[in-house]
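J.: this is a predicted model, with the sequence first.
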Amino acid sequence: GTLFTQDLAWLAHGVYYLYAYCLGEMNQGEESIRAYLRLVEKFPKSQFIPEAWVRIGEYHFNEIKADSLSKAAEAYSKMYAFPDHPLYDGALYKLGWTYYRIDQFQKGVEAFAKLLDYYVAQSKKTGKPPTGEVWPEAIQYTAISFADEKWGGIEKAKAFFAGLGGRSYEAEIFTRL
């Protein structure tokens with residue numbers, strides 16, 4: 001009796017995740033998002049929370065509604081809490097890209113810088129030069145953001161990196177800029 005109930009409680013978060021995932025695969029996006037949000041609410045310490053936030057972000061990123069990109073950014077930004085998760089770098093890239101798409105360049109370059117810092121930290125562990133699946137794109141979109149005539153500029157880029165204490169990838173960004 002009691003042992004079986006405890007086993008079910010332990011598995012419930014997995015059931016919520018699979019239910020939400022299946023809804024998404026069946027193109028029932030709104031229902032899928034509601035199920036992921038129930039998972040987050042009921043099981044905030046579940047191992048499935050990071051992936052739920054990424055899937056919520058992906059759904060909103062691909063929607064065409066007026067507030068969908070801000071909802072995507074909100075979901076992707078939850079991944080800051082999970083730097084060791086395998087989806088961390090992809091989520092930060094999408095977060096930066098989302099901010100770029102809604103002309104929030106400051107937040108975008110901050111997300112890209114966190115991503116590039118993550119790749120630099122990984123390179124220190126491996127002893128290899130920093131690189132990553134989306135390293136080139138993060139460099140490119142950071143440079144493009146600083147190239148924006150209304151927001152960016154060389155001086156803004158210099159000030160941004162000075163505020164971070166300098167970064168090893170600055171030269172790459174300035175070359176692109």
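T.: Nice, I can see it.

J.: mind listing residues that contact stretch 44-64?
T.: With contact meaning Cβ atoms under 8 Å, 6 or more residues apart in numbering, stretch 44-64 is reached by 13-14, 16-17, 20-21, 24, 29, 32-33, 36-37, 39-40, 43, 68-69, 71-73, 75-76, 78-79, 82, 85, 87-88, 90-91, 94-95, 98. Placement of C-beta: from N, CA and C, glycine included.

J.: do that again at 6 Å, thanks
T.: 13, 17, 29, 33, 36, 39-40, 68, 71-72, 75-76, 78, 82, 85, 87, 91 (Cβ atoms under 6 Å, 6 or more residues apart in numbering).

J.: repeat for stretch 129-136
T.: Here stretch 129-136 makes contact (Cβ under 6 Å, 6+ apart) with 89, 93, 119, 120, 123.

J.: could you dump that stretch to CSV, C-alpha only?
T.: Coordinates of each C-alpha in stretch 129-136 appear next as CSV, following Å, rounded to 0.1, in the frame of the first residue of the first chain:
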residue,chain,number,x,y,z
PRO,A,129,40.4,26.5,-27.4
PRO,A,130,36.9,27.7,-26.7
THR,A,131,34.3,26.5,-29.1
GLY,A,132,30.8,25.2,-29.0
GLU,A,133,27.9,24.2,-31.1
VAL,A,134,26.7,27.8,-31.4
TRP,A,135,30.0,29.7,-30.7
PRO,A,136,30.2,31.3,-34.2
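
J.: could you pull up the mean pLDDT of it?
T.: What stretch 129-136 shows for mean pLDDT is 88.

J.: thinking again about what came up before, show me which pair in the contacts of stretch 129-136 is furthest apart.
T.: Maximum pairwise distance among the contacts of stretch 129-136 (Cβ to Cβ): 16.7 Å, between 93 and 123.

J.: the two: which has the busier surroundings?
T.: residue 93 (21 against 16; other Cβ atoms under 10 Å).

J.: residues in contact with that one?
T.: In this structure, residue 93 makes contact with 115, 134, judged by Cβ under 6 Å, 6+ apart.

J.: any idea how far residue 26 is from it?
T.: For residue 93, the distance to residue 26 equals 27 Å [Cβ to Cβ, to the nearest Å].

J.: now the helices for this structure?
T.: 2-25, 29-42, 49-62, 68-77, 88-101, 105-126, 135-146, 154-163, 170-176 (DSSP state H).

J.: name the stretch among those helices that sits most buried.
T.: For these, the largest average neighbour count (mean count of other Cβ atoms under 10 Å) is found in helix 88-101, namely a mean of 23.

J.: okay, the angle between that helix and helix 49-62?
T.: 30 degrees (axes from the mean of the first three to the mean of the last three Cα atoms, to 10 degrees).
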